[in-house]
Structure formats: C-alpha cells, structure tokens
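In: Kindly generate the corresponding structure for this input.
(chains A and B)
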Amino acid sequence: MSTTNDSAAKPRRARNPERVILFYVSNQMFAIAAEAVQEIRSTDSLAGAAVEIEGCEIAKVRHTVERNHHTYYVVSGCVHFNLPVTRPTLVLILRRYRVVVLVDRIDRMAEIPAIYALPSAFEGDERRWYRGLAYIDDNVIPVIDAAGFLTASDFEQLDRIVKASAAHRELEGAVQA
Amino acid sequence: MSMTEITGKPSFVVMQIGRRHFALPSDTVVELAPPVKLHRFPHNSRLLAGVIVRRGRIVPVYDAASVLIGNSGFTQRFYLIARRRFGNSTNFGAIPVNGECELASGDVLPPSDDHAAYVIGTLAFNGEAIDVIDFNALAALNSPGVAESARAELPS
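Out: Next comes the predicted model:
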C-alpha cells in the first residue's frame, strides 16, 4: 500500500516551542537550539588561547581550545557547510560536544513553534548537518544538529593527533631541560 | 473523470523546459504552482536546488533542467509539483518550468535505444516526438549512489 509521507512535508509539532539562536555563516542564516550552546564569544577573546593543530586531515578543524581541562575543536562553519570562506567574528561554544564553531555574526534569538523534517529528497551530508527546517519570517532556515559538526571518528582522529602532539612537546621539553 | 477515462488514452502534462517539451504522466502531477520564493541552503544533494513552501508543505525543488537540457532551469519560476515514491511512501517534488503546461493524451511509443533511464517513452505532441519522463527515475539521479552513472547520461 502506498501512503503519502507527511513527515517529510508537514511540520513535526514540537510539544513546546523551541528557542533558537539565528546566526550567519557566509551570508547564510542558520538556526541552532539555544540549549545546545554554552557560550557565545568573540574570536578575539579566544585568539590567545587557540592552539594550531598540525597534520590534521580534517580541513574544517585547524585549532583547539582548552576549556575546563577538556580539548575543544574549533570548526570553521564555512568549511563545514562548503560555503565561501569569510572572516568569522564570533564563536559558538557548544554545550554537549567539545566543539567551538566559527560564525560570522548572530542575528537574534527566536522561538520556533515547529521543526519541519528535512524532505527525504535531501540525501547528502545535510542529513547529518540538520535536525530539520524552520519557517521563520517567510524564510526556510536549516536547524543545525549540534552533533553533526564532528563525527565520533573525527573526534578519535583529532584526539589522537592532539595527544601525539602533546607527547612530542613534552619530549622536546625534556630534551631541552 | 480523468482525461484517460474520456479519451481512452493515457494523459500527460506537457511542460516546457528551455526550448524543449517533456511530458509527465498526469497521474503523477499534483499541481502547477505559481512563482514562489525558492529557499536555498547548503547541501550536497546534486540535483536539488532548494525548497519551496506550498500549501503548508516544504517541497524539494529538483533542477531537472540540468539533466534534461544540460542547463540550470532557474530562469523558469513556476513549479510543476509531482509525486515521487520513497519505498512504500510518496513525497512531493517540484520541477521549475516556464508556466506553459498543457494536458495532452496519446499513445506512448517506445523510447529510442540510447534513451536515458528516466525516459519511459515518446509522445507525439504538436508534430514533435517528446520524451515522457518518469519523475521517480529522474529524481533518483539525486541519490549519491547513482551520481557517477548519472553523469554519463547528462546531455553534452
């Protein structure tokens, strides 16, 4: 029997309206759940704390930041979404993931009554990038999945590189001493 | 009563993309939507241009022109909305067209030997033999798995 798949077409009614942060990366507006973001800071405030990662094959990650004894990975929003590279001014420090996202600017906070499922026709990486779509002020805005910036295997690879780099630095320090 | 019931022959919606005409079986067509805003956002589904909002639904827009005529079809601002199967379910998809669509009926002749997988036959229309398109097969070119084979089918 054939049925029309309403989940892809109609909004999945949320039990409660959701607060989102609307922000821009390379002139493209995105939404992310406000509860997924721990902190918003300027890139300048992180500049001194950022450490460059060497030998990393994940192009969107070039730096780490230490926070609360954990290594956070700085993800370029432009590279992640394959958008033209711009100069980011802000970072979103995520709450549940060791990820700091470089973004251009924050637009505002908003409340969305529902998230529409991403239509099944979208079959690429966007299925990992987005939780769904929001309809705000006559615009369809992708709602980002905070888990989609780095995969478990990305974290493993990055952790390995950072660990090896730290061991190398320790060895160099010991030799110099 | 459908056109098929009236004439006894299958009916089709003939659409113009670029300078060419193509036909879709009328039972797969939902409506011809007026020009509405195309919403774009980053993705890497190769055949999708974005989405439109129509009757409270978010409908993906397929850049069918890039496959059918080798050029992107976004000078065409109307949207022909058709059904696409996904397993046991059916979703809607939109194709940008120039708005001049006609209902036609007639017998479908077999496609040429070197036809693309999405061409299910040819239809005589105003003295022209036009391709009848299987929207499901056309939209399937969007899938990452068929991307490579699809390139070979693109018109040169």
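In: Spatially, what comes nearest to residue A:54 if we skip its sequence neighbours?
Out: Taking C-beta to C-beta, 6 or more residues apart in numbering or on different chains as the measure, residue A:54 lies nearest to residue A:165, with 6.6 Å between them; neighbours along the chain are not counted. To be clear about C-beta, it is placed using only N, CA and C from the backbone, and glycine gets the same treatment.
In: which SS class is the one you found?
Out: Here residue A:165 is helix, with the state taken from DSSP: H, G, I helix; E, B strand; the rest coil.
In: What segments of the chain are helices?
Out: Since you didn't name a chain, this refers to chain A. For chain A, applying DSSP state H gives helices covering A:43-47, A:77-80, A:126-129, A:152-176.
In: not quite, I wanted chain B
Out: Using DSSP H, helices in chain B cover B:3-7, B:64-68, B:135-140, B:147-153.
In: sorry, back to before: check the contact between the residue nearest to residue A:54 and residue A:64; I expect there is one.
Out: No: contact between residue A:165 and residue A:64 fails when scored by C-beta atoms under 8 Å: they sit 9.2 Å apart.
In: intersection of neighbour lists for these two?
Out: With contacts taken as C-beta atoms under 8 Å, 6 or more residues apart in numbering or on different chains, the residues that reach both residue A:165 and residue A:64 are residue A:53.
In: Specify which residue of those two has the higher count of neighbours.
Out: A direct count of neighbours by other C-beta atoms under 10 Å in any protein chain shown for residue A:165 and residue A:64 places residue A:64 higher, at 23 against 17.
In: Could you pull up the residues touching that one?
Out: Neighbouring residues of residue A:64 by C-beta under 8 Å, 6+ apart: A:50-51, A:53, A:71-74, A:158, A:162.
In: Report the buried residues of stretch A:58-69.
Out: Within stretch A:58-69, the residues that count as buried by 16 or more other C-beta atoms under 10 Å in any protein chain shown are A:58, A:60-65.
In: Point out the residues in chain B that sit beside chain A.
Out: Contact residues, chain B versus chain A (C-beta under 8 Å from any C-beta of the partner chain): B:37, B:39, B:41-46, B:48, B:51, B:53, B:56-60, B:62, B:84-86, B:88-93, B:139, B:142-144.
In: PyMOL command to pick out the buried ones of those?
Out: Buried residues within these, by 16+ other C-beta under 10 Å, are selected in PyMOL with:
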select buried, chain B and resi 39+41+42+43+45+46+48+51+53+57+58+59+60+62+84+89+90+91+92+93+139+142
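In: What about the residues of chain B next to chain A, which are in strands?
Out: If you go by DSSP state E, the residues of chain B next to chain A have B:48, B:51, B:53, B:57-60, B:62, B:84-86, B:89-93 in strands.
In: can you map out the strands along chain A?
Out: Assigned by DSSP E, chain A shows strands spanning A:3-4, A:11-25, A:28-33, A:37-42, A:50-52, A:61-67, A:70-76, A:90-94, A:99-103, A:105-116, A:130-136, A:139-144.
In: Just list the residues touching residue B:131, thanks.
Out: Taking C-beta under 8 Å, 6+ apart, we find residue B:131 in contact with B:22-23, B:68, B:111, B:115, B:119, B:121-122.
In: can you tell me which of these lies nearest to residue A:39?
Out: Using C-beta to C-beta, residue B:68 is the member of the contacts of residue B:131 that sits closest to residue A:39, with 49.1 Å.
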